[in-house]
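Student: from the sequence below, what's the structure:
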Amino acid sequence: MADVVQYRLERMVNELDDLERRGIFTRREINEIVKQRRKFEYRLKRPSPLKQDYLAYIEYETQLDSLRRLRKKSVARQLRNQGTDENKKKMKKSVSDFAGVVRIVDIYRLAVTRYKGDIDLWFRYLEFCREKRHGRMKKVLAQAIRFHPKVPGLWIYAAAWEFDHNLNVAAARALMQSGLRVCPTSEELWIEYLRMELTYLNKLKARKVALGEDEGTLVRDKKVAGEKQWRDDNEDLFMSLNEEKENNESNVENKETRGKVDVFREQGFSILKAIYSGAIEALPSSLNLRKKFFEILDALDLAHSEEMHEQILSEMKRDFSTEPEYWDWLARLEFDPEAIEGMSDELVLSQTEKAIQVYEEALKVMPSAKVFDNYTRFMMDVILLQKGEKEILELSGPYATYISHLLGIYEKAKALGCITEDLAYQYVSFYLQLGRLDEARNLADKLCRETFLDSTRLWLLKASLEVRHVTRDSLSSPTKADLLSIFGLLKDVLPKISVSKAESLWIMALKLFSSQKEYFEKLVGLSIVSISKDGDSDNGFSLSSAIVNFVLQNDGIQSAREMYKRFLALPHPGLAIYRNCIDLETNLASVGDKDGLVNARKLFESALSTYGQNLSLWQNYHRLETKMGTSETASAVHWRARKILKDSTALFTSDF
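Tutor: This is a model prediction of the structure:
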């Protein structure tokens, strides 16, 4: 191994001598370069070198070559100022200018030989060859494809390189066709093949235009197309001032157009149709492929575009009319709420109505929960894009009718038995957005008791609505009947839901019952049941801490201490409960409470009896003694921690 490394280092002598002779690196820097390269070479000669070893070597050589180029520019600037013939010779390219790239290519070659199956490594290699314009590009591409013929991305990369770099359309086409023979079910390959052919055709047309032999482009002008569509839809609004003259001019233009056939538009249509037929034959069940073909066709101005549009749409309806995704795409093809910018209100309303008709047709063909979900999301997008979530109530005119229409969709889904838990949640939440709390309460109650008996999410929402209803009017206190009703609901709901998921409901309930001793005590009993079952969070929301804080604010320190002792009396109190109690006593001690430090020490000792291997608990104990205790007590904690945590002594250096 040493002989091989030494041989490889000796091959670098000419390069290193050249770098020193030209003043790019000093002797000391070259010695450091040799040292680093020797280290990397030994790594690569291990029995099982890692991929990271190759990448680290490549990264080092890349940075070194970048530094060499910067140094060379600086040296060249100085030599140019001196202007002697000898200096001009030093500025010419020499072995050191090429050695860095050659070495990196050699390391990549070794890496892909070792890790032939690593696609990412092959692409890194190809990108480097492309950026440095190295002559091995074609050879590396051939090797990569030979090892990974089933990877469509490699065929696309190779074809793109031939098309863009070598300007060899025939070779790019041959690569794409070979890729399609090997990977006939690759959507990406079919789409990129079509894009390549149409791009080439568009370039030929652009060349004709530049020579003055043609005009226009194959790319459709969306603005002009939109204006034409709007003009056709509203043809009855326009009246010619000189109808006879316009008709004559139109007839002349039509004759000229018919006399001059646009070869490129015809050929583009033929290419698209041929590739489309092959793709559909290979992937008859791919909706995504059809959508991409349609989008490409929609962006181009080809001959017989309308006929092709109709063909694709009719075939999609024939093959995918039972898929909700197809109907959602078709509706958003009529109108996409995100593309509303620059559109007039009349056009928005017109296209929205067309999209609604598509969804209604979908419900007739296949009334399903997914169709209803897509339909409601679309309507919600239309409503929110008009005013925003906080301004829905300000909608007026035709847009206001969309609110009642959306509510009708939810009700229809409920009536047909297609409402899911998500749809039900959206239904209730939409009433809340409209500010109709009572209707939201009634709906949530009906859904929970009739349809979603086991839905914790909806029961949680229902309980939240009841609490919000009682606390809505802050001027009047809740009646006994209200409190009894809400507590009965909380008693049914809270034990079924984990503490972390019901955080907001617990906070609302604690606020509501904080001044009601009888109900607050019962709520504490519910919390103890929940904590015993699910535990108390060590990170984020802590139910025990929240309850103790409420008691501290309302009843004072002594009541708070009695409360946390109840949580510590649980069969297996979690570490989170200990932490919260310790934090409380520590804070009290810091503000002068005489019992705070004593109680904090007792809590630490009790926690360590169960969680003695917890490093952070020891660290917190030591910090407490350092700040509030004495040097003797702090040292005692330190000694005990080192004794119990025998294998973790080094971890205490910064804390002890």
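Student: in terms of pLDDT, where does Gly342 sit?
Tutor: As predicted, Gly342 sits at a pLDDT of 69.
Student: helix or strand for Ser74, which one?
Tutor: helix 51-82 (DSSP states H and E).
Student: gap between Phe452 and Gly488?
Tutor: 19 Å (Cβ to Cβ, to the nearest Å). (Each C-beta comes from the backbone N, C-alpha and C, glycine too.)
Student: correction: Arg318
Tutor: Arg318 is 56 Å from Gly488, by Cβ to Cβ.
Student: neighbour-wise, which of the two wins?
Tutor: Gly488 (11 against 8; other Cβ atoms under 10 Å).
Student: now what about the helix or strand containing the more buried one, what contacts it?
Tutor: Here Gly488 sits within helix 480-493, counting by DSSP H and E. For helix 480-493, contacts defined as Cβ atoms under 8 Å, 6 or more residues apart in numbering pick out 456, 459-460, 462-463, 466-467, 470, 478, 502, 505, 509, 512-513, 516, 519, 522-523, 526.
Student: strands - which of those land there?
Tutor: Applying DSSP state E to these, no entry is found in strands.
Student: what are the buried residues along stretch 578-593?
Tutor: Of all the residues in stretch 578-593, those buried under the rule 16 or more other Cβ atoms under 10 Å are 578-586, 588-589.
Student: and what of stretch 595-613?
Tutor: 596-597, 599-601, 603-604, 607-608.
Student: so what touches it?
Tutor: With contacts defined as Cβ under 8 Å, 6+ apart, stretch 595-613 is touched by 561, 568, 575, 578-579, 581-582, 585-590, 614, 617-618, 620-621, 624, 628-629, 644-645.
Student: now with 6 Å?
Tutor: With contact meaning Cβ atoms under 6 Å, 6 or more residues apart in numbering, stretch 595-613 is reached by 575, 578, 581-582, 585-586, 588-589, 617, 621, 628, 644.
Student: could I get the average pLDDT for it?
Tutor: Stretch 595-613 shows a mean pLDDT of 88.
Student: off-centre distance for that stretch?
Tutor: 44 Å (Cα atoms, centre = their mean, to the nearest Å).
Student: extract the CA atoms of it and return them as PDB.
Tutor: Provided in PDB are the C-alpha atoms of stretch 595-613 (Å, rounded to 0.1, in the frame of the first residue of the first chain):
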ATOM      1  CA  ASP A 595     -39.000  27.100  52.600                       C
ATOM      2  CA  GLY A 596     -38.300  27.100  48.800                       C
ATOM      3  CA  LEU A 597     -34.700  25.900  48.900                       C
ATOM      4  CA  VAL A 598     -35.500  23.100  51.500                       C
ATOM      5  CA  ASN A 599     -38.500  21.900  49.400                       C
ATOM      6  CA  ALA A 600     -36.500  22.000  46.200                       C
ATOM      7  CA  ARG A 601     -33.700  19.900  47.800                       C
ATOM      8  CA  LYS A 602     -36.300  17.300  49.000                       C
ATOM      9  CA  LEU A 603     -37.800  17.200  45.500                       C
ATOM     10  CA  PHE A 604     -34.400  16.700  43.900                       C
ATOM     11  CA  GLU A 605     -33.700  13.800  46.300                       C
ATOM     12  CA  SER A 606     -37.000  12.200  45.600                       C
ATOM     13  CA  ALA A 607     -36.600  12.500  41.900                       C
ATOM     14  CA  LEU A 608     -33.100  11.100  41.900                       C
ATOM     15  CA  SER A 609     -34.200   8.100  43.900                       C
ATOM     16  CA  THR A 610     -36.200   7.100  40.800                       C
ATOM     17  CA  TYR A 611     -34.300   8.900  38.000                       C
ATOM     18  CA  GLY A 612     -30.700   8.700  39.300                       C
ATOM     19  CA  GLN A 613     -29.200   8.100  35.900                       C
END
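Student: rewinding a little: farthest pair in the contacts of stretch 595-613?
Tutor: Largest separation among the contacts of stretch 595-613 by Cβ to Cβ: Leu588 and Ile644, giving 27.7 Å.
Student: sitting in helices, which of the contacts of helix 480-493 do you find?
Tutor: Counted as lying in helices by DSSP state H, out of the contacts of helix 480-493, are 456, 459-460, 462-463, 466-467, 470, 505, 509, 512-513, 519, 522-523, 526.
Student: rewinding a little: list the buried residues in the helix holding Ser74.
Tutor: Residues of helix 51-82 classed as buried: 53-54, 57-58, 60-61, 64-65, 68, 71-72, 75-76, 79 (neighbour count, 16+ other Cβ under 10 Å).
Student: now do stretch 532-546
Tutor: 534-537, 541-546.
Student: with stretch 270-290 instead?
Tutor: 271-273, 275-276, 279-280, 282-283, 286, 289-290.
Student: in TSV, list the buried residues of helix 51-82 along with distance to Ala160.
Tutor: Putting those into TSV (distance: Cβ to Cβ, whole Å) gives the following:
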residue	distance to Ala160
Asp53	31
Tyr54	26
Tyr57	29
Ile58	24
Tyr60	30
Glu61	27
Leu64	30
Asp65	26
Arg68	31
Arg71	35
Lys72	32
Val75	38
Ala76	35
Leu79	41
